[in-house]
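> The following comprises the amino acid sequence and a computationally predicted model.
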Amino acid sequence: MKKSILFGAFALMNLCLGTLTSCSKDNKDDDKTPISIKLEEVGEDNSRKGTIGRDLHIEGDVLASARIKQIQVDLRAADGAIAVSKIYDSSKYQGNINAKFHEHLDLPSTLTPGAYKVVFTVTDLKGNTKSVTTDITLVAIDPNAPKVTNLVVNGGTLTAKAGTTINISAKVTVTSAVKEIEVEFHGNKKFSIDLDAYKGKTGTFDVNTTITIPADAQAGKYHVHFEVEDVKGLEGLDEVEGFTITR
């Protein structure tokens, strides 16, 4: 009887020790709270280039097991000084374990052309941080590049349903003939529509046309870019932010 009691006591002690060891290991693992960052695009089509006075397209995937608190994007000059800095802490990212980052960082016209670095930093709710850095080149707008003004999407109504037709209007000025005009929708998924009727146009002209939003377009908010490229490869654009596609 005494042996049975003694054996039971040892068994209980071992169980407790095992549980404590297991808990300690689990806590240690939790403290690692990994953060993963994968930048897919910095600059249009991941060109690692930006144009001063316009915006810089940044897209990537973020994973934070302790949940995202904020994402910060810094544009640093060659001497390390911060030229532009923006924090993204809305519900679009904050509190999520993983998120698709898609934003457009404004590049002020006061910036100087040259080499810069984009520093992308994620902070989780436990205070852990991780950064990735990539090189980027900023260039000035070519004075001979196409100019786009007065862009209006869907009559100024910033919402439309997938599969429906909307109106696009803008004023375009080119010094060389138009090679292509493209309307791009930047969101969680990107899609574009070519306006072939304006190829070869020169001088100043108005664009007033209709396009159909693809029926399979994902619901969400989009940046709408109206981009003009001339036969010399120079580009100009205007944009509308916060356009919502519904289903």
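That came in fine, so what should we check first?

> show me what contacts Arg67?
Arg67 is in contact with 94-97, 124-125, counting by CB atoms under 8 Å, 6 or more residues apart in numbering. To be clear about C-beta, it is placed using only N, CA and C from the backbone, and glycine gets the same treatment.

> Let's see that with 10 Å instead.
Residues counted as contacts of Arg67 (CB atoms under 10 Å, 6 or more residues apart in numbering) are 33, 93-99, 124-126.

> how much space between it and Asn98?
Between Arg67 and Asn98 the distance, using CB to CB, to the nearest Å, works out to 10 Å.

> which residue is nearest the middle of the chain?
The C-alpha lying nearest the average C-alpha coordinate of the chain belongs to His102 (CA atoms, centre = their mean; 1.9 Å).

> so who does Ala162 touch?
212-219, 245-247.

> And for Lys190?
Residues in contact with Lys190 (CB under 10 Å, 6+ apart) are 41, 57, 59, 102, 184, 222-223, 225.

> Same list (those) but as a markdown table, adding secondary structure.
Formatted as a markdown table, the contacts of Lys190 follow (DSSP: H, G, I helix; E, B strand; the rest coil):
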| residue | secondary structure |
| --- | --- |
| Glu41 | strand |
| His57 | strand |
| Glu59 | strand |
| His102 | strand |
| Glu184 | strand |
| Tyr222 | strand |
| His223 | strand |
| His225 | strand |
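
> Pretty sure Thr164 sits against Thr212.
Yes. The criterion here is CB atoms under 10 Å, and Thr164 meets it with Thr212 at 7.1 Å.

> quick one, helices of the chain?
If DSSP state H is used as the criterion, the helices of the chain fall at 2-32.

> low-confidence ranges in it?
For the chain, applying pLDDT under 70 flags the ranges 1-33.

> ok, Gly114 - how many residues close by?
11 (other CB atoms under 10 Å).

> ah, wrong one, I meant Gly156
For Gly156, the neighbour count with other CB under 10 Å is 8.

> Could you do Ala177 as well?
Neighbours of Ala177 under the rule other CB under 10 Å: 13.

> And it, how close does it get to Ile37?
Per CB to CB, Ala177 is found 42 Å from Ile37.

> same check, this time on Val84
In terms of CB to CB, Val84 sits 19 Å off from Ile37.

> one step back: using PyMOL, define a selection of the buried residues within the contacts of Arg67.
Buried residues within the contacts of Arg67, by 16 or more other CB atoms under 10 Å, are selected in PyMOL with:
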select buried, resi 33+93+94+99+124
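
> I'd like the contacts of Arg67 laid out as a markdown table, including distance to Glu229.
Compiled in a markdown table, these are given as follows (distance: CB to CB, whole Å):
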| residue | distance to Glu229 |
| --- | --- |
| Thr33 | 45 |
| Tyr93 | 33 |
| Gln94 | 38 |
| Gly95 | 41 |
| Asn96 | 37 |
| Ile97 | 40 |
| Asn98 | 35 |
| Ala99 | 32 |
| Asp124 | 41 |
| Leu125 | 44 |
| Lys126 | 46 |
